[in-house]
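Participant: A structural model of the following input is requested.
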Amino acid sequence: MRILSVIALFLPLTIASQNAAAAQDIMGTWSRGDGNARVSVVRCGQSYCATNIWIRDGTAGEKVGDVLVMNVKPQSGAVLAGSAYDPQRKLNLSATVSISGDRMTTRGCVLAGMLCKSMNWTRVK
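Facilitator: Here you go, the predicted structure:
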């Protein structure tokens, strides 16, 4: 019974630590899977800002300096979820970010989840 009490005491701390690690892991420089963009993800207030720091010539609709503001919170393991705002397009979307080591997958949806797009990323070292 005493062992269960100790486990019950530390389990929430372990989960909180894993969730904090997921939030920390999102920060850094990421290269988009199609090779057309690199972003820098940093804290901006209570949110995360993903700013385009490099765009391949000829990539339509994107430019260096474009920002995506993500209001995502740790969910379970290495998953963050919430919303995002693209001020360039004046677009609100639901957002999910999954992180596994140096790999990240982002998923954004509009129209109540009817139209979604996922993108794979690799951490730039």
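Participant: show me where this structure has helices.
Facilitator: Along the chain, the stretches classed as helices by DSSP state H are 2-25.
Participant: and the residue nearest the centre of it?
Facilitator: In the chain, the residue lying closest to the centroid (Cα atoms, centre = their mean) is V97, at 4.1 Å.
Participant: what about the closest residue to C109 other than its chain neighbours, how many neighbours?
Facilitator: Leaving aside its sequence neighbours, C109 sits nearest to C116 (Cβ to Cβ, 6 or more residues apart in numbering; 4.0 Å). Heads up, the C-betas are built off the backbone N, CA and C, glycines and all. Using other Cβ atoms under 10 Å, C116 has 13 other residues around it.
Participant: got it, and S100?
Facilitator: Other residues within reach of S100, judged by other Cβ under 10 Å, total 11.
Participant: that one against G77, yeah?
Facilitator: No: using Cβ atoms under 8 Å as the test, S100 is too far from G77 to be in contact (9.2 Å).
Participant: about what we covered before: excluding chain neighbours, what is closest to the residue nearest to the centre of the chain?
Facilitator: L80 (4.4 Å).
Participant: who's in contact with the one you found?
Facilitator: 22-23, 26, 70, 72-74, 96-97, 99 (Cβ atoms under 8 Å, 6 or more residues apart in numbering).
Participant: what are the boundaries of the strands in the chain?
Facilitator: 28-32, 37-44, 47-55, 67-74, 79-86, 91-100, 103-110, 115-123 (DSSP state E).
Participant: now render the ones you listed as a markdown table, adding mean pLDDT and distance to G61.
Facilitator: A markdown table is the format used below for the strands of the chain (pLDDT from 0 to 100; distance: least, Cβ to Cβ, whole Å):
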| stretch | mean pLDDT | distance to G61 |
| --- | --- | --- |
| strand 28-32 | 98 | 13 |
| strand 37-44 | 97 | 11 |
| strand 47-55 | 97 | 10 |
| strand 67-74 | 96 | 13 |
| strand 79-86 | 96 | 11 |
| strand 91-100 | 96 | 12 |
| strand 103-110 | 96 | 15 |
| strand 115-123 | 97 | 13 |
